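**Student:** show me how the following folds:
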Amino acid sequence: QVQLVESGGGLVQAGGSLRLSCAASGSGFAINTMGWYLQAPGKQRELVAAITSGGSTNYADSVKGRFTISRDNAKNTVYLQMNSLKPEDTAVYYCNANLRRLWTGVNEDAWGLGTPVTVSS
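**Tutor:** Residues are numbered from 1 along each chain as shown. Modelled structure (predicted):
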């Protein structure tokens, strides 16, 4: 069983910063891409940023230049540095990891429970 545990969410004023962390635990897997998604009330979950095991990154247009995704492969941890936060960034942020089971070679997705981010104006 793979678990993703997020931390770092909270309440911040517009223009402020937060750093989210997500650590994967378990055994028998290798992590391919890790990413962050957000889900605002009444809306679908959408990609914020993703990073491959080799360090290639992808960002939603709305966060380019403000958010930075990084990962520590040795710790199976992904981070999201969020700067210049805006009220429209308010959402629950979910960590995602695309995993490969070492025994079967099957790929699967794992999700964290989410961490709320609230940006006040």
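**Student:** in the chain, which residue is closest to the centre?
**Tutor:** residue 36 (2.5 Å; C-alpha atoms, centre = their mean).
**Student:** and the helix or strand where that residue lies, what does it pack onto?
**Tutor:** Using DSSP states H and E, residue 36 sits within strand 29-39. In this structure, strand 29-39 makes packing contacts with strand 18-25, strand 46-51, strand 67-72, strand 77-82, strand 91-101, judged by 3 or more C-beta pairs under 8 Å, 6 or more residues apart in numbering; DSSP states H and E. Bear in mind the C-beta positions are built from the backbone N, C-alpha and C, glycine included.
**Student:** again, only this time at 6 Å
**Tutor:** Where contact means 3 or more C-beta pairs under 6 Å, 6 or more residues apart in numbering; DSSP states H and E, strand 29-39 is packed against strand 46-51, strand 91-101.
**Student:** what sits up against that strand?
**Tutor:** 2, 45, 47-53, 71, 78, 80, 91-94, 96-101 (C-beta atoms under 6 Å, 6 or more residues apart in numbering).
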